[in-house]
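Asks: I need the structure of the sequence given here:
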Amino acid sequence: MGRRLARELAMKILYRYEEGDTDLPVAIYSVFEGKKYAAKDKAFCQTLVDTTMNNLPEIDREIARVLKNWSIKRISVVDRTILRLGTCEVLFLEDIPPQVSINEAIEIGKKYGGKDSGRFINGILDAVKRNNESRDNQ
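Replies: The predicted structure follows:
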């Protein structure tokens, strides 16, 4: 399954963090515990978690910039976590094409979020991508 699995694992770890399990090493261990994941999947998951957490204020600012009449805190925890991971990839993981990151986030949103999560995530991440591209072109 590869990177999709790693993204889902990262989402589960960050979801736990958002719900109050703020000891990230313990959250990571509990998600990985008893499972046999490929080393490259675990490494990519770790990169996503670390990069997201290390840049969380900037990631949240980028998401908030594109929300229309909506506060980031009003977004469901699942959708907010997926948006943070997708924004992290778009802004900080330059080896991944932004559209791939967006498509992956949409699919994870469809699997774990509500009935409109895929569309919502698509709209927000597409706007984040456009903002990032316009900054790059200045």
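
Asks: any low-confidence regions in this protein?
Replies: By pLDDT under 70, the low-scoring segments of the chain are 1, 136-138.

Asks: And the residue nearest the centre of this structure?
Replies: Residue closest to the mean C-alpha point of the chain, counted by CA atoms, centre = their mean, is L85 at 1.4 Å.

Asks: from memory it sits against D50, does it?
Replies: No - between L85 and D50 there is no contact under CB atoms under 8 Å: 11.8 Å. All C-beta atoms are positioned from the backbone trio N, CA, C, and that covers glycine.

Asks: And the contacts of whichever helix in the chain runs longest?
Replies: When the chain is parsed with DSSP state H, its longest helix is helix 117-136. Contacts of helix 117-136 with the rest of the structure, by CB atoms under 8 Å, 6 or more residues apart in numbering, involve 62-63, 65-67, 76, 78-79, 82-83, 86-87, 90-91, 98-99, 101-102, 105-107, 109-110, 113.

Asks: Now do the buried residues in that helix.
Replies: With burial defined by 16 or more other CB atoms under 10 Å, the residues of helix 117-136 counted as buried are 117-118, 120-122, 124-129.

Asks: before we move on, back to that, any idea how far the helix or strand containing the residue nearest to the centre of the chain is from the chain center?
Replies: For L85, the element it lies in under DSSP states H and E is helix 77-92. Using CA atoms, centre = their mean, to the nearest Å, the mean C-alpha position of helix 77-92 is found 3 Å from that of the whole chain.
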